[in-house]
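> mind looking at a prediction? Sequence and model below.
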Amino acid sequence: MTENTTHRWIRWPDGGQQQLGFGADYNPEQWPREVWDEDVRLMREAGVNIVSLAIFSWARLQPTADSWDFGWLDRIMDLLHANGIAVDLATATASPPPWLTATHPEILPMDREGRVIWPGGRQHWRPTSPVFREHALALVTAMAKRYGTHPALVAWHVNNELGCHNVYDYSEDAALAFRGWLQHRYGNLEALNHAWGTAFWSQTYSGWEQILPPRLAATHPNPTQQLDFKRFSSDALKDYLRAESEILRSATPDVPVTTNFMVSTGIPAMDYADWAADVDFVANDHYVRPGPQAMDELSFSANRTSNIAGGKPWFLMEHSTGAVNWQPINLAKKPGELARDSLTHVAHGADAVCFFQWRQSSRGAEKFHSAMVPHAGEDSDMFRSVTELGHTLKQLAPVTGSRRRRARAAIIFDWNSWVASEQDSHPTSRFNYHQEALDWYSALLALGVRADVVPFETELGQYDVLIAPGLYLLTADGAGRLNDYVHAGGHLVTTYFSGIVNEHDHAWLGGYPGPLRELLGIRIQEFGPLADGDTAELDHGLTGTLWTDRIDVTDGATEVLASYKTGDQAGRAAITRRRTGEGSAAYVSTRLGHHGLEPVLAQLLAAAGVGSELPEALRGRVELAIRENGDSEFWFLVNRTADAVPLAGLDGQRLADAPVSTDMNDGGTNDGGTGDGGTRDGAIAPRGVAILHRGRTPERPRAPHGTESTR
Ligand code: GAL
């Protein structure tokens, strides 16, 4: 779990530990030798100090089953080292070469319809294939042996984005491994039959060999079978990560091992909170998803990554300088966004900022994907922005190693609820767990209140306010933890479609939300999902969509904060809160969207004594994230708007700005971002970021939950 994360960071070759990483995926095998010299010259110019190498190099390193070609990699490793650039070396196993798939087609994955996933793209391998594993691990062994002592090597990069394309494999290998996983989980068939509810539709198993992955079926496949298959698929890849890591750790015990997570794909494939203990430092890839909440989502993802990493520094392994190539319309970034996006990750604990990729490919599927050096070459605004970012990151060296400061409010982001709540045959297919959680986060940003996005396994008592949106899957133990939290004075806020099923996806009986009924002082007999386009009006001008609940208030202590005014639930409670001693438990029964959630959240936070740390004029316009170290605090102030925002009312040394020329202000001195300007008023540029270095304000002693006053 998160708490056990072993944390070992990069040891830079020159011993200069006080630096943030800056670099990219580097694919020199796509370019002739003479370009390499230009590459390292430009890397130095931009301030690049690390690159990820050999990610897709298997076919180049092992051209046939029994021939190897390491010469080119030796040369580029040496060249990088000679230029002071460190290497995060991939194990090169991400994409199997044609000779391997031609001789061993049994490593190719199969989709749920039984179709083979053929070579031609990448990552066409079965996570559970013993044949793939044998060949891949031979390559890992060869890489560890050859480069384990190379002075450029600072980290191992296992495979690449494990599960990006191959997480769900329905092949015979997968079936076999799934059965083994189930035997381990349930011990005997009786327990499995109970957990899967196989009395339904004549599904009772009488032998393990009858069990299959949830392949294409006549109608809805068994939901617990589906849920377990997703749990198994995450575990199968984690097991593969372990297999590569074991080889690397035994060959080079001092070199940290990582792999790049994809925390924000919007698809609940891998349980990264559960994987975190298996990497020496957490690394993540993030790509902006255009839309009104794009910036909020970036912050949400960085925040979540930080908490998956247990609050320790993490590595932004990939993001983009501009457009990607895989969205329906690939939008360029606007001026300022390159730096702002990067620094938002740093604000949330990233100690390295890397991109996909260094030099934009001239051929292949990603030739229209942006890079640090675009097709236009070094004489480009893109490369100039990249170089400016490199300069800014150097100014931020003092931030290295600092921890993200814990907030007083947190959103629980629970992997099991995410997976289970979005399965088929539910009251509505429109429920989107990630979106609901993001809406609460956007509302917090709009109020200027810092919050953490945490896995459910986190120590809950650290927070004054806990928001648990759509906590669909709730075990008896989980419900007990929430009860204890509230009874110890915590303020819980939960929503519709929470506390519905247990770990086996069995409905809690007696009325919803099963094990939270008493705590919330309500009982729901029936859900009232809304048709597309339908709304339900609430008091205070609030409008609900997607869902309503038919709520009975069952406890005299339950307050009704808002009722339904229209629709089937008119006159009934829509938002409730029940106080328990110092604590409280609130329930929001409809989808309010991020704007609608703002006033509701403001009321609930105020009652819990949690407020913004920002001066009033900045709230909503600026996102605040704080990192701290020894006697220092670093306040990252991210301009959420396309206008300059005057930065008045906050003292501290201006450590850095992005973009650098931000002096559109009310009288401050512009130090051009060199960091020596001392305290001043100024403005944060449109889509800009200001970083203030401040003396440490002591963490306030924890009073019982909710009794502290707003800062
Ligand atoms: C990632 C992948 C990179 C590159 C990038 C493009 O998923 O790790 O190799 O394909 O996406 O956005």
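Arrived safely, thanks for sending.

> list the contacts of residue 696.
Neighbouring residues of residue 696 by Cβ atoms under 8 Å, 6 or more residues apart in numbering: 628, 630-633. Placement of C-beta: from N, CA and C, glycine included.

> show me which of the residues you listed is closest to the ligand.
Within those, distances to the ligand taken as Cβ to the nearest ligand atom reach their minimum at residue 628, with 31.6 Å.

> give me the neighbour count for the residue lying closest to the closest one once chain neighbours are set aside.
Nearest residue to residue 628, sequence neighbours excluded (Cβ to Cβ, 6 or more residues apart in numbering): residue 405, at 5.0 Å. Neighbour count of residue 405, defined by other Cβ atoms under 10 Å: 21.

> contact partners for residue 405?
Residues counted as contacts of residue 405 (Cβ under 8 Å, 6+ apart) are 450, 626-628, 633.

> can you pick the most crowded of these?
Going by other Cβ under 10 Å, residue 627 tops the contacts of residue 405 with 25 neighbours.

> what does the chain put close to the ligand?
Near the ligand, the residues belonging to the chain are 160-161, 164, 285, 287, 318, 324, 356, 366, 369 when assessed by Cβ under 6 Å from any ligand atom.

> domain parsing for the chain?
13-167+235-402, 409-608, 617-695 (automatic domain parsing).

> now do the SS call for residue 264.
Following DSSP: H, G, I helix; E, B strand; the rest coil, residue 264 is assigned to coil.

> what's the burial count for the closest residue to it other than its chain neighbours?
What sits nearest to residue 264 in space, not counting adjacent residues and going by Cβ to Cβ, 6+ apart, is residue 301, at 3.5 Å. Number of residues near residue 301 (other Cβ under 10 Å) recorded here: 27.

> with residue 480 instead?
12.

> now swap in residue 329 and tell me
Number of residues near residue 329 (other Cβ under 10 Å) recorded here: 6.

> now do the contacts for it.
residue 290.

> right, and residue 315 touches residue 285 too?
No - contact criterion Cβ atoms under 8 Å: residue 315 and residue 285 do not qualify, at 10.1 Å.

> neighbour count for these two, which is higher?
residue 315 (30 against 24).

> may I have the strands that pair with the helix-or-strand element of the chain with minimal mean pLDDT, each with its orientation?
Least confident helix or strand, the chain: strand 653-658 with a mean of 90, by mean pLDDT, DSSP states H and E. Strand pairing for strand 653-658, determined by DSSP bridges: strand 689-695 (antiparallel).

> so which bits of the partner strand are buried?
By 16 or more other Cβ atoms under 10 Å, the buried positions in strand 689-695 come out as 689-694.

> just stretch 359-368 next, same as before
359-361, 366.

> mind putting the residues you listed into CSV with pLDDT, distance to residue 104 and secondary structure?
Rendered in CSV, the data for the buried residues of stretch 359-368 read as follows (pLDDT from 0 to 100; distance: Cβ to Cβ, whole Å; DSSP: H, G, I helix; E, B strand; the rest coil):
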residue, pLDDT, distance to residue 104, secondary structure
359, 98, 33, strand
360, 98, 34, coil
361, 98, 28, coil
366, 98, 27, coil
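
> which one of those residues is nearest the ligand?
Comparing those against the ligand with Cβ to the nearest ligand atom picks out residue 366 as the nearest, at 5.8 Å.

> unless I'm mixing things up, the closest one is touching residue 325, no?
Yes - assessed by Cβ under 8 Å, residue 366 is found in contact with residue 325 at 5.5 Å.

> nearest spatial neighbour of the residue in the stretch 501-650 of the chain positioned nearest to the ligand, skipping sequence neighbours?
Nearest residue of the stretch 501-650 of the chain to the ligand, counting by Cβ to the nearest ligand atom: residue 638, 22.8 Å away. Nearest non-adjacent residue to residue 638, counting by Cβ to Cβ, 6+ apart: residue 623, 4.2 Å away.
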